[in-house]
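Novice: Build me a model from this:
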Amino acid sequence: GAADGRLGDGGGLRTQYQHVTDLLPTLAELTGIDIVRERHGVPSPPLVGASFAPSLTEAAASSSHGDQYYEMIGHRGFYRDGWSAVTCHQPQTAFSEEAWELHHLAEDPTETRDLAADNPDKLAELQAAWETAAWENQVFPLDEGNFVKSIARPPWNADLEEAVTILPGTPTLER
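Specialist: Numbers count the residues shown, from 1 in each chain. Okay, here's the model as predicted:
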């Protein structure tokens with residue numbers, strides 16, 4: 001395999017879209033190790049990445065990574081099928097007022113040409129996909145660096161808000 005130094009073209013350029021979440025499955029495949037699926041009977045979160053090992057030996061291999069959402073301090077983005085929609089958040093402005101850009105990465109990998117005005121349906125598709133992914137992945141509430149996520153707890157953390165009595169001799173507690 002590629003792990004033992006048999007890369008066919010000696011480190012040639014690859015243009016497949018991949019994400020950092022693809023590293024673990026790729027390294028596991030290349031080294032032949034199994035990814036732990038549970039620990040002490042507790043299931044691990046499902047993998048969100050996919051191995052890109054085939055692209056290491058075959059330059060024309062398809063990307064193994066599909067949709068991908070991004071969010072950091074209010075900046076947001078979504079990738080699908082060679083298209084990227086992004087918006088940069090301006091501090092102390094409403095998230096709903098920001099303009100989104102649309103880029104076709106196959107033709108414009110450095111994202112210099114905004115195609116949003118020419119492709120409003122594609123932009124709307126990616127914006128809606130970002131919103132769906134954000135709800136599925138606990139991105140909300142959006143936070144521009146003011147730590148609102150630390151103040152507003154999600155409903156599944158209600159048990160952490162209950163009073164606890166700790167008696168002498170109690171072993172170390174989790175959270």
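Novice: tell me the phi and psi of Q68?
Specialist: Here is the backbone geometry of Q68 (degrees, to the nearest 10): phi -150, psi 130.
Novice: Likewise for L160?
Specialist: L160 has phi and psi values of phi -80, psi -10 when expressed as degrees, to the nearest 10.
Novice: Equivalent analysis for S96, please.
Specialist: The phi/psi pair for S96 (degrees, to the nearest 10) reads phi -70, psi -10.
Novice: per-residue confidence at it?
Specialist: As predicted, S96 sits at a pLDDT of 88.
Novice: What is the burial count for it?
Specialist: 5 (other CB atoms under 10 Å). Heads up, the C-betas are built off the backbone N, CA and C, glycines and all.
Novice: distance of it from Q127?
Specialist: 11 Å (CB to CB, to the nearest Å).
Novice: same check, this time on E101
Specialist: For E101, the distance to Q127 equals 11 Å [CB to CB].
Novice: Now for the two: what residues contact both?
Specialist: Among the neighbours of E101, those also in contact with Q127 (CB atoms under 8 Å, 6 or more residues apart in numbering) are A85.
Novice: Worst mean pLDDT across the helices and strands of the protein, which element?
Specialist: Taking mean pLDDT, DSSP states H and E as the measure, helix 148-151 is the helix or strand of the chain with the lowest mean score, a mean of 64.
Novice: quick one: average pLDDT of the longest helix along the chain?
Specialist: Secondary structure of the chain per DSSP state H: the longest helix is helix 120-136. In this model, helix 120-136 carries a mean pLDDT of 97.
Novice: Give the buried residues for that helix.
Specialist: Neighbour-count burial for helix 120-136, with 16 or more other CB atoms under 10 Å as criterion, is recorded at 122-123, 125-127, 129-130, 133-134.
Novice: what does stretch 96-110 give?
Specialist: With burial defined by 16+ other CB under 10 Å, the residues of stretch 96-110 counted as buried are 100-104.
Novice: elements contacting the longest helix of the chain?
Specialist: strand 68-72, strand 75-80, strand 83-87, strand 101-104 (3 or more CB pairs under 8 Å, 6 or more residues apart in numbering; DSSP states H and E).
Novice: can you rerun that using 7 Å?
Specialist: strand 68-72, strand 75-80, strand 83-87 (3 or more CB pairs under 7 Å, 6 or more residues apart in numbering; DSSP states H and E).
Novice: related to what we said a few turns ago, tabulate the buried residues of stretch 96-110 (JSON lines), appending distance to L115 and pLDDT.
Specialist: As requested, the buried residues of stretch 96-110 are arranged in JSON lines below (distance: CB to CB, whole Å; pLDDT from 0 to 100):
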{"residue": "W100", "distance to L115": "11", "pLDDT": "97"}
{"residue": "E101", "distance to L115": "8", "pLDDT": "98"}
{"residue": "L102", "distance to L115": "5", "pLDDT": "98"}
{"residue": "H103", "distance to L115": "6", "pLDDT": "98"}
{"residue": "H104", "distance to L115": "6", "pLDDT": "97"}
